[in-house]
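Enquirer: sequence? don't have it. structure:
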C-alpha cells in the first residue's frame, strides 16, 4: 500500500528568527517491483533502438540506478497532483525512481523526489506473473519517444505515442520482463495492458511481482537474454 509523508524543516537562530528558507522532504513507501539503471542519451534527434543500445554500452553515460515502485491507485493519484504529470490511472507503469543511487555528482538528479532531469534512458527489469495460460496480447503507448518491452523472450513490443500491440502464447507462470524507455523531457507516461484472449485488459503493473517475492532463475517459466 502506497503511503506518502511530507516533512517541512526550518533553521532558527537564538532569537527565534528563521535562517534562510524552509525545506520540504517527501517520503514515500510502496512495494518495489523493478530494478533499473539510467543512462544519458544524446540531445536532439529521434530516439531509436540503436540509440538505446549505444547508451547502455557507454558506461560513461551511466547516471545511476535504483528501484521503481508499483503504481497502485494512491501513487497514481499522487503523480497526478504534480504539475508536469497527467497519467491514465488504469494502465500507467511508473518508471520514476523510487530510490536512486547517483554515481556522478551534477548529473541532473533531484535527490528529494528523487527525479532525473533531461534526456535519459531507463533500463528496468523485474518479474511478471501470468495467471493463466493461453494467447496473450500486450498493448502499449508512450508519451515519451520510445519504449521497448520484452516478456520472457516471447512477447515483445516497441511503442511510442502511436499505440502498438503484439500477441504470444504464454503458459501460466513467472516471466522475466524488461523495459527500455527513452525519456526526452519531464513527461514519463507509459500505458501497458495485457489481455488474455476472450478476457478484459489487465494493467501490466498489477501483474508485476514485488522484488521481495522474486523467484530464482531456474524456476522461471522461461529464461531470456536482454534486448539485442
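Expert: Cool, got the structure. Computed from a prediction, not measured in an experiment: that's the story for all the values here.
Enquirer: can I assume residue 220 is in contact with residue 154?
Expert: No - counting by Cβ atoms under 8 Å, residue 220 does not reach residue 154; the two are 11.9 Å apart. Glycine gets a C-beta too; all of them are placed from N, C-alpha and C.
Enquirer: tell me which strands and helices the strand or helix carrying residue 174 is in contact with?
Expert: Assigned by DSSP states H and E, residue 174 belongs to strand 173-183. Contacts defined by 3 or more Cβ pairs under 8 Å, 6 or more residues apart in numbering; DSSP states H and E place strand 173-183 against helix 49-57, strand 120-130, strand 147-151.
Enquirer: Could you tell me the angle between it and helix 49-57?
Expert: 100 degrees (axes from the mean of the first three to the mean of the last three Cα atoms, to 10 degrees).
Enquirer: list the contacts for the most centrally placed residue in the chain?
Expert: Centroid check for the chain by Cα atoms, centre = their mean gives residue 95 as the closest residue, at 2.0 Å. Residue 95 sits next to 34, 36, 68, 122, 124, 179, 181, 183, 188, 190 when contact means Cβ atoms under 8 Å, 6 or more residues apart in numbering.
Enquirer: now do residue 66
Expert: 35-36, 97-101, 114.
Enquirer: Low-confidence ranges, the protein, go.
Expert: 1-7, 23-30, 72-89, 103-114, 144, 185-188, 228 (pLDDT under 70).
Enquirer: try 50 this time
Expert: 83 (pLDDT under 50).
Enquirer: Quick one: the helices in it, in order.
Expert: 49-57, 73-79 (DSSP state H).
Enquirer: Chain neighbours aside, what residue packs nearest to residue 177?
Expert: residue 128 (4.3 Å; Cβ to Cβ, 6 or more residues apart in numbering).
Enquirer: Bridged to the one you found, which residues?
Expert: Bridge pairing for residue 128 (DSSP bridges) gives the partners residue 175, residue 208.
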